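Asker: Model the structure of this input:
(chains A and B)
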Protein chains: 2
Amino acid sequence: MAFACTIPAVATQLADDARVRITRWDFAPGATTGWHEHAMDYAIVFVTDGVMEIEVDGTVTQIAMAAGAAYSRPAGIRHDVRNAGAAPMSFVEVEMK
Amino acid sequence: MAFACTIPAVATQLADDARVRITRWDFAPGATTGWHEHAMDYAIVFVTDGVMEIEVDGTVTQIAMAAGAAYSRPAGIRHDVRNAGAAPMSFVEVEMK
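Answerer: A predicted model of the protein is given here:
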């Protein structure tokens, strides 16, 4: 079950060209993306420190991330993301076409 | 002519998989990458604010960037990057395979 989506994370598209779509995500404390799945492989780059919770297939994982941390993920995995910290959290999502 | 490379920027590889190579770049004030060209299209995500100078074909452009700003560039353009600000500058480079 996805996180209770009381506060939606805010998505701001920064670029969308032939090669890539770049979106900044800003999360107030407790904010969530809502249940979703990427159609493209993507990378995440943290702009702030953050305590992120990710739910995949009913399993919730909490990860403390530092500003400048980054990782990549394949398309096609349904998940929900929540800011489990007490401070605002931001990351930039780079989706690769 | 590339910037005089007195202080090299520091590159830290964060990920390198079938789809993407992710590298964090940390620049002390005045630090430069040195003259280089990307073999892959790439995106840049700023982790800190920064005043960046880029030299392409002898033209130097200075750009003030905010943490969380991002852009994408195609492969194959020789350039040099310098931290023209008075504070350390960091960005994460996402190269797309």
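Asker: Could you list the paired strands of the host helix or strand of A:Tyr71 along with their orientation?
Answerer: Here A:Tyr71, judged by DSSP states H and E, is contained in strand A:70-73. The pairing partners recorded for strand A:70-73 under DSSP bridges are strand A:42-46 (antiparallel).
Asker: List the contacts of the closest residue in space to A:Ala15 that isn't next to it in sequence.
Answerer: Spatial nearest neighbour of A:Ala15, chain neighbours left out: A:Ile22 (4.2 Å); criterion: C-beta to C-beta, 6 or more residues apart in numbering or on different chains. Glycine gets a C-beta too; all of them are placed from N, C-alpha and C. By C-beta atoms under 8 Å, 6 or more residues apart in numbering or on different chains, the residues touching A:Ile22 are A:13-16, A:92-95, B:43, B:45, B:70-72.
Asker: Go through these and say which is closest to A:Gly58.
Answerer: The closest of the contacts of A:Ile22 to A:Gly58 turns out to be A:Glu93 (C-beta to C-beta; 23.2 Å).
Asker: now the closest one, nearest residue through space, not along the chain?
Answerer: Leaving aside its sequence neighbours, A:Glu93 sits nearest to A:Thr23 (C-beta to C-beta, 6+ apart; 4.8 Å).
Asker: List the contacts of that neighbour.
Answerer: Going by C-beta under 8 Å, 6+ apart, A:Thr23 touches A:11-14, A:92-93, A:95.
Asker: The residue most central in space within chain A and chain B: what is the separation?
Answerer: With distances taken as C-alpha atoms, centre = their mean, the residue of chain A nearest its centroid is A:Val81 (5.6 Å). Separation of A:Val81 from chain B (C-beta to the nearest C-beta, to the nearest Å) stands at 17 Å.
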